[in-house]
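Asker: just coords:
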């Protein structure tokens, strides 16, 4: 009889063994050897915050068009503008990065616009890039 292998979860430090499936099968040894967590829930908890590969200095990078986010999901440029104005931003208010660099969150580089103003500005910029000059 084979000896049952016991591993420790990196997140909760609970011991776990191979998964037994309802149909009667058991998790393969190669799959079990790759696992570091007792459950998907522990995997998710462990890989949030400082353990997340996008985490750096309390900020997340990637998957948001290059804009920085705090680990709670709030965009840095929106928080900076809210602090500057002393109020929460409305849902139809957008923050435009004047120099086009989403990493430059200096208040002098941020401009508060309505959704329609921001869209018009971006369309105008896109048309200029494509060689269609408009006033």
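Answerer: It's in. Please read all numbers here as calculations on a predicted model, not as lab measurements.
Asker: buried stuff in the lengthiest helix in the chain?
Answerer: Longest helix of the chain, by residue count under DSSP state H: helix 115-129. Of the residues in helix 115-129, those buried by neighbour count under the rule 16 or more other C-beta atoms under 10 Å are residue 118. Yep, even glycine has a C-beta here, placed from its N, CA and C like the rest.
Asker: which strands and helices sit next to it?
Answerer: In terms of contacts (3 or more C-beta pairs under 8 Å, 6 or more residues apart in numbering; DSSP states H and E), helix 115-129 is packed against strand 93-97.
Asker: counting contacts, what elements does the strand it packs on pack onto?
Answerer: Using 3+ C-beta pairs under 8 Å, 6+ apart, strand 93-97 is in contact with helix 76-85, strand 110-114, helix 115-129.
Asker: before we move on, the earlier item: run the chain-centre distance for the longest helix of the chain.
Answerer: Chain-centre distance of helix 115-129: 26 Å, with C-alpha atoms, centre = their mean, to the nearest Å.
Asker: circling back: quick one: which of the helices and strands packed on strand 93-97 has the weakest pLDDT on average?
Answerer: Among the helices and strands packed on strand 93-97, helix 115-129 carries the lowest mean pLDDT, a mean of 81.
Asker: just the angle between that one and strand 110-114, please?
Answerer: Calculated by axes from the mean of the first three to the mean of the last three C-alpha atoms, to 10 degrees, helix 115-129 forms an angle of 110 degrees with strand 110-114.
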